[in-house]
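Engineer: have a look; sequence and predicted model below, questions after that.
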Amino acid sequence: MAHAHKSGSVRVEALKVVAKAEDGPETTIVHEVGFEIARGEVLALIGESGSGKTTIALAMMGYARKGCAIRGGAIDVFGTQVLACSPAGLRGLRGNRIAYIAQSAAASFNPARTIMAQVIESALIHGSLSAEAATAKAKALFAELALPNPDTIGDRYPHQVSGGQLQRLLAAMALLNDPDLVIFDEPTTALDVTTQIEVLISFKAAIRERGITGIYVSHDLAVVAQIADRIAVLRHGRLAEIGAVEQMVSAPTHPYTRQLLAAAAPVKRKGPEAAHDTGEAPVLAATGITAGYGPAGPDGLPRIKILHDVGFSLRRAETLGIIGESGSGKSTLARVVAGIVPAARGEVRLDGKPLPTALDRRDRETLRRIQIVFQNADTVLNPAQSIAQILERPLAFYHRLGASARRQRLMQLLDQVRLPRSVADRRPGELSGGQKQRINLARALAAEPDVILCDEVTSALDTVVGEAVLDLLVEIQRELNVAYVFISHDLGVIRSISDAVMVLQHGRVVEAGPTEALLADPQEPYTRLLLSSVPELRTGWLEDVRAGRGVAA
Amino acid sequence: MSETVTDIAPAASRLRLRVSPAAAIGAAIVLTGIVLAVFGQALSPYDAGAIVDVDVFGPISKAYPLGTDYLGRDMLSRILLGARYTVGIAALATALACTAGIGLGLFAAVVGGWTDSILSRLLDALTSIPSKMLALVLIAGLGSSLPILVLTMAFIYVPGCYRITRALAVNIAAEDFVLAAKARGEGRGYIMLREVMPNMVGPLATDFGLRFVFVVLLLSSLSFLGLGVQPPYADWGSLVRENIAGLSYGAPAVVMPAVAIAFLTIGVNLLVDNLPGRARAGGR
Amino acid sequence: GSATQALAQTPKRGGNIRVCTYTSSTSDTLDPAKQSNASDYVRCNFFYNKLVRIDEAGAPAPELAESFDSQDAKTWVFKLRKGVTFHDGKALTTEDVIYSLKRHLDPAVGSKANTLAKQMTSIEASSPNEVTIVLSGANADWPTILGTAHFHIVQAGTTDFSKGIGTGPFTCKEFIPGVRTIALRNANYWRQPGPFVDSIEFFGLPDEQARLNALMSGDVQIAAVINPRSLRVIESAGGFGVLETKAGLYTDLIARLDEGPGTNPDFVLGMKYLLNRAQMRTAIFRGYAEIANDHPIPSSNRYYAADIPQRAFDPEKAKFHFNKAGVLGSTIPLVASPAADASVEMAVLLQQEAKKLGLNLDVQRVPSDGYWSNYWMKSPFCFGNVNPRPTADLLFSLFFKSDANWNESRWKNETFDQLIVAARAERDEAKRKQMYHDAQVLVHDGAGIGIPAFISNLDCYSTKIKGLRPMPTGGLMGYTFGEYVWLDA
Amino acid sequence: MSRRMVKLIAGRMLVALATLLFVSAVVFGATQLLPGDVAQAILGQSATPEAVAGLRHALGLDVPALQRFVSWLGGLLTGDAGVSLVSRQPVGGLIWARLSSSLVLAGIVAAISVPLALTLGITAAVWRGSLYDRAVGVVTISAVSIPEFLVATLAVLIFAVHLQWLPALSFMPRSATPLQFLRAVAMPVMSLSFVVVTQMVRMTRAAVIEALKSPYVEMAALKGASPARIVLRHVLPNTVGAIANAVALSLSYLLGGVIIVETIFNYPGIAKLMVDSVSMRDMPVVQACAIVFCAVYLLLVTTADIVAILSNPRLRHS
Ligand SMILES: Nc1ncnc2c1ncn2[C@@H]1O[C@H](COP(=O)(O)OP(=O)(O)OP(=O)(O)O)[C@@H](O)[C@H]1O
Ligand SMILES: Nc1ncnc2c1ncn2[C@@H]1O[C@H](COP(=O)(O)OP(=O)(O)OP(=O)(O)O)[C@@H](O)[C@H]1O
Ligand SMILES: [Mg+2]
Ligand SMILES: [Mg+2]
């Protein structure tokens, strides 16, 4: 800790960053942003996607992504004027005095080299430690960050380590040279809630122990509340509000901050009244579903088995929430119901009638009645087709509507999902994430289905935007009486929208029942773990969890 | 919240359509090539086959702006006539190769499984025979006529086009929007043509351009081996070839058609390399 | 010029030279029966001799046969030269001669001289030193025929010809088909003064430009068959000579009389008038050709009929005949190929002229490969290419007699057939000349063949090479230059 | 090496072998379709029907095609490619002599052009958009845009005829000194390098640019790595597979694609052997040449595949 005794602070003044298209005009993406971080303090940068968080974080290292340029301002990191440094001077700073922990650790590790080689690389580049010393220090850091097998994990390749572990390895890489300033760029966004907790706990411990000065970028207010001392809220590249965590959480002044706050504690959208048994036959029911991927073995089961004896039932206008960690088989279940992945055992009934397992044996009418809305609106809309083409296709395909009827219905659909009619002639690439997700939903609605399978429809969206989509879903359900199977890994969202919940782990049903009852009194340890891992919007929550679980840092 | 994004987006797409100067030059050259191919004969000052001068390999002069050839024919007229064969044959062969290659590639990618493996192996096997050798055997077997030339060259370049299409289409076919179409119950034809195909237009246009260049060059190689376009017709490659004796004294008769070929291929390359906002594909 | 100068100097011994011809292929051979082009002829002449050679005047002269004679032109006696040995030391015997000649009769050998050889009904050793050949009919030219390309003498029993063991002026050091041949001076050669150069590296360069460049860069000393278009470069460079051989090579326009448009005699005649011989001579051959008169006998031949009026380029007459034939306005395919020297250019010129008259000639250029088997003698309207033959009889009986294998236009004329058979046996020179005169008139008027020009063969060489002179039997001194050239280094 | 990788590599090799077998059948079939045959070709102008029939019988061409294919394939598997119908020499010997010259030429071209192309491709990618990058782009495109035979002929005119620095013909006796040999092949090497370098530069540049866009490269820059270190340590290990493929594809050209250079410089390579044999309808040689081309192509491509597999730690350790 060579710089531990120096005083001073990190100061950013009137930072301006522009993006320029090839031969095109420049657009400013960060406008005159300024803030100060005292030594040993962690500042959180929070804001919607595209608000300029990463851009500012990178600018701290004098770095601008290809196509961007820093156009003005000053950055003072404990006495060093970063923006005035020569290229060589900048290289001397990066990875040495200022370190960066990227959003996606999986992408930030070079797949072709061992982890250790990459972790100690910065020490070798800056000549701060010999290879042996760096290796020893790295191993100590691995242990400190609660990584398993700290002595050997460095010999592995990135693909041989889990996402949560990689994120911590990236932190070890950043901390190796005892930097003055550490930048965390959404280090837990890509992780499961349960994994996120582990990573947060180890980060928090490291920050405390070392008195790290840091910038923590996130869009999750609850996460930020655990780690940061102060919060800066960004909006369209401008600083909206900055203040201490307590104050921001309890008394935000900027409307956007208030929106953020509201989204972090989702409202209960469904009353308990819908949940009770009306005696009506279920519109969709699945029993004993066993399914997976790969060629079928001699026992008729696929080689990679994912789902084991899963079943559920769903009534008209009801919402079933399915929750589980990544890889637990949630999407696979939705695919089995939709017929994309044929079930090896068990059956799916629609209005009591068993459905053929394979897609090509289902008739068009059956296909129409069950629609699936996929997680990622970015990839699920054909970028080469216009919105009108995308929405009119099911109208022509299922309802054989003529051109003018289609156009009329298209406008209705756009109204239904609260989009301006003018988007009809655009392509998906010209829409925002929330708008795309609405189109995605509208396409399902176009079929006039009885059941919509929503696979993580809000996971890729900002919390604020996601909330709006949830509202829309509930409204549509009231209007059209559709039933939803709602898949999510976010317990808050599930709690807010579903009548009943089913918890999946390793392809098996852990627990199922009416939402309120189940969440109020979970029977299974796994459900409890899930519940306790959802970050809460209060400082000190992380410490409580840690104490509760007795995790040693 | 989303309005701002919406406002920026169309501006961004307008930016993407900005044409770089290199692409503009390329496009101008390609356009000239096409115009010459269509109207070349009408523009030529002399009959391309007529011996107009006793002097062979004549220099550039007022009467013969690009000199005369080895028999004393007007070179400008011959190059104008040659444009039809070079541009025409190459465009036709490339179009045929791409149509077949794209069709097969899409089919293999969308159907997958054994069909894909067998098609890929078969076409791989074809690639393993050097193109000039394959052309040699085919033309020796079928005789050299314009249709045969076009078909032969199309045939030679089908595997390359197939390969690129398949590689692109396999990725696209794995995209979620294709899965969504399948879940809707769409047939293969619709998926191939309406879902997958429109997403490959950019890279395929690039590939088309490169393949066009290869065909032009293969055509001139074949002329060297005496298998190309047969007189009295002459593509630019055979013009170079038949006048090569003039190279020793730098006769325009040999230089000019070579310059024409170089111009055309560089033009096409400039165009495809600088296509606005489109992914470029590798491969040959 | 240079030839006489060369004669004036005394030849020097020694030196190694490199020579290239225009063909190179894996079918390159040292089997005399299979020779198919100039490269083969040159190569075989390095290593083998014939019974008879053809001299500068085109007359037969003794070679391995010391003398030859016949009473009736039907039974011929050849007396072998003594003291001739093969490269491996074995002496030449009648057995070798008989074996060599009989090979041509065996279909499995695939001899190109099979048709000529078939005249022999018996080949026997009439004494240890003498071979007697009986022909099926009288042929006063028989010794000349034995002087043609394929009748080299090899050792009896030879089946593997890759070693090139003969009695010739050079021994074979290396022979790789399609690559090259290296010939070393045969120190024990029977004929004096024998070859002068120590070795010749001989290979083919099919690309004319490459041959020219190889000559100009000094990589080779002799480059065979140079296009007249290239002479300008050679001349301006200086230090190079041109050997022009007028041997009677021609490329002919063939209209089959039994099929296609040629069935109408007016069409054929019209085409003969449409041949712009003067333009072809200047534009295609740059003057290195002699205008011909639609019969195969060149002016250098002693039987040349000088008094037949020259058929001139006459579009009016051509139009008249085409009109009569009713072909104006129609489209007629004409097959040409680089295989038949300059035929493509001739076709293009013809096409231009025809177009002016309103007749469309659809020129179909086909590749060399397979031309002789697939188009020539098959297409109704195409081109042929006839190499020089040493006798008028050979030309007429191979290409024009009704029953000739290569009767290109399927011309059938009984008077002509009788004339040829009679002339072959005729030993009175004046009568024979008259007969051949009449034959030329018949071909000129009746055959479906248009011969616009006799093409000169041009070989180029570095002026350091001496001793080259034209021979009527073909380029490169009738392919025998190896024995005569010397290096003036 | 993991079992998965062994399986993968073995799979690639099997596929290559199967392809070769398939190609041999296709080649045999295709050669049967060529009009005319060796008997006609040998006899040329003197191909009378009887003469052709006689020679055909003598050469064994009257046996049914399938029977010939089976015996040919059997021969191939036992290492006997038959006898040339034209020269009556064993095909194996003929091919080997030519193939070895071709390989020498290809080897020299590869030794020069691969490092050159990789250097150009990588530097152009690193400085993409710069004047240097544009210059490399224009020069390589121009090089490939001019017909090969013109480049070769022009080189001869300049270096052999006018300057007389280099011989116009490149075939040298085996006794030639290395210097003589290098002088002799200088121009063919130059002409061929023109063609193959362009392909490799373009593909290498594309692969490197792709890798330069990846987040781990950004991460390396944020660790303070110098541009050289980024390229050598981070980009190259991840592009080895793609570059190997580009190199393999370009090098496969050096066997069959060189016919023009072989013709102009009189270099006795295998492409000329095949061209000659096609025109002579010497089918055993044509077939053997085609098999050699395919085998070399498959060898190169399979090697590149294996390099790609070996360079990918996901496949190496799993
Ligand atoms: N290389 C680039 N060229 C041009 N514009 C860019 C570039 N990178 C980012 N931008 C634009 O800059 C703005 C800010 O991007 P930035 O990545 O900083 O956002 P962010 O807040 O980190 O978002 P996220 O939460 O999605 O990571 C966005 O509008 C984005 O489109
Ligand atoms: N096509 C496939 N072939 C083989 N295995 C697959 C395939 N698709 C998914 N899997 C595996 O099946 C398991 C369950 O996947 P699934 O997508 O259903 O999980 P999930 O619960 O939806 O996870 P997430 O929250 O990450 O979306 C995972 O281990 C995944 O790797
Ligand atoms: Mg970001
Ligand atoms: Mg999922």
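Structural biologist: Right, received. Where do you want to start? What you see is a predicted model, and the numbers here were worked out from it, not measured in a lab. Numbering: from 1, shown residues only, chains lettered A, B, ... in the order given. Ligands and ions are numbered 1, 2, ... in the order given.

Engineer: where in the chain is pLDDT low?
Structural biologist: In the absence of a named chain, chain A is used. A:1-7, A:21-24, A:266, A:270-279, A:550-553 (pLDDT under 70).

Engineer: nope, chain D
Structural biologist: Residues of chain D meeting the criterion pLDDT under 70: D:1-2, D:34-38, D:40-51, D:61, D:172-175, D:317-318.

Engineer: now the helices for the stretch 101-250 of chain A?
Structural biologist: Ranges of helices in the stretch 101-250 of chain A, per DSSP state H, counting those that start in this stretch, are A:105-108, A:115-119, A:121-126, A:131-144, A:163-175, A:193-210, A:221-227, A:245-250.

Engineer: so what's residue A:396 closest to, chain neighbours aside?
Structural biologist: Leaving aside its sequence neighbours, residue A:396 sits nearest to residue A:406 (CB to CB, 6 or more residues apart in numbering or on different chains; 6.3 Å). In short, each C-beta sits where N, CA and C put it, glycine included.

Engineer: Provide the backbone phi and psi angles at that neighbour.
Structural biologist: Dihedral pair for residue A:406: phi -60, psi -50, per degrees, to the nearest 10.

Engineer: if we can go back for a sec, of the helices of the stretch 101-250 of chain A, which is nearest residue D:122?
Structural biologist: helix A:121-126 (20.3 Å; CB to CB).

Engineer: tell me if that closest one is near chain D.
Structural biologist: Yes: counting by CB under 8 Å from any CB of the partner chain, chain D has neighbours in helix A:121-126: A:121, A:122, A:125, A:126.

Engineer: dump that helix to PDB, restricted to CA.
Structural biologist: What follows is helix A:121-126, C-alpha atoms only, in PDB (Å, rounded to 0.1, in the frame of the first residue of the first chain):
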ATOM      1  CA  GLU A 121       0.200  -9.500 -16.100                       C
ATOM      2  CA  SER A 122      -0.200  -6.000 -14.800                       C
ATOM      3  CA  ALA A 123       2.500  -6.600 -12.200                       C
ATOM      4  CA  LEU A 124       4.800  -7.700 -15.000                       C
ATOM      5  CA  ILE A 125       3.900  -4.900 -17.300                       C
ATOM      6  CA  HIS A 126       4.600  -2.300 -14.600                       C
END
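
Engineer: now for that helix, which elements pack on it?
Structural biologist: Packing contacts for helix A:121-126, counted by 3 or more CB pairs under 8 Å, 6 or more residues apart in numbering or on different chains; DSSP states H and E, involve helix A:131-144.

Engineer: neighbouring contacts of the helix it packs on?
Structural biologist: Residues outside helix A:131-144 that contact it (CB atoms under 8 Å, 6 or more residues apart in numbering or on different chains) are A:116, A:119-120, A:123-124, A:128-129, A:150-151, A:153-154, A:168-169, A:172, A:175-176, A:202, A:205-206, A:209.

Engineer: could you flag which of those residues are buried?
Structural biologist: Buried members of the contacts of helix A:131-144, counted by 16 or more other CB atoms under 10 Å in any protein chain shown: A:116, A:119-120, A:123-124, A:128-129, A:150, A:153-154, A:168-169, A:172, A:175-176, A:202, A:205-206.

Engineer: give me phi/psi at residue 53?
Structural biologist: If you meant another chain, say so; for now it's chain A. Per degrees, to the nearest 10, the backbone of residue A:53 is at phi -60, psi -50.

Engineer: switch to chain B, please.
Structural biologist: Per-residue torsions, residue B:53: phi -140, psi 140 (degrees, to the nearest 10).

Engineer: so what's the closest residue to it other than its chain neighbours up against?
Structural biologist: In space, and not counting its chain neighbours, residue B:53 is closest to residue B:72: 4.3 Å by CB to CB, 6+ apart. Residue B:72 is in contact with B:51, B:52, B:53, B:54, B:55, B:56, B:58, C:283, counting by CB under 8 Å, 6+ apart.

Engineer: just the buried subset of those residues, written out for PyMOL, thanks.
Structural biologist: Those of these that count as buried under 16+ other CB under 10 Å are selected in PyMOL with:
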select buried, (chain B and resi 51+52+53+56+58) or (chain C and resi 283)
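
Engineer: got the residue ranges for the helices in chain B?
Structural biologist: B:3-16, B:21-43, B:75-111, B:113-127, B:131-142, B:146-173, B:176-184, B:188-190, B:201-224, B:236-242, B:252-273 (DSSP state H).

Engineer: quick check: buried residues in the fourth one?
Structural biologist: Read that as helix B:113-127. For helix B:113-127, the buried set under the neighbour-count rule, 16+ other CB under 10 Å, comprises B:116, B:119, B:120, B:122, B:123, B:124, B:125, B:126, B:127.

Engineer: which among those residues gets closest to residue D:60?
Structural biologist: Taking CB to CB as the measure, residue D:60 sits nearest to residue B:125 out of these, at 28.1 Å.

Engineer: isn't the closest one right next to residue D:297, touching?
Structural biologist: No: counting by CB atoms under 8 Å, residue B:125 does not reach residue D:297; the two are 9.7 Å apart.

Engineer: separation between the residue of the stretch 301-450 of chain A found nearest ligand 1 and residue A:374?
Structural biologist: The minimum distance from the stretch 301-450 of chain A to ligand 1, using CB to the nearest ligand atom, falls at residue A:433 (9.2 Å). Distance from residue A:433 to residue A:374, counting by CB to CB, to the nearest Å: 14 Å.

Engineer: shared neighbours, those two?
Structural biologist: By CB under 8 Å, 6+ apart, residue A:433 and residue A:374 have no common neighbours.

Engineer: which of these two has more neighbours?
Structural biologist: For residue A:433 versus residue A:374, neighbours defined as other CB atoms under 10 Å in any protein chain shown are more numerous around residue A:374 (24 against 21).
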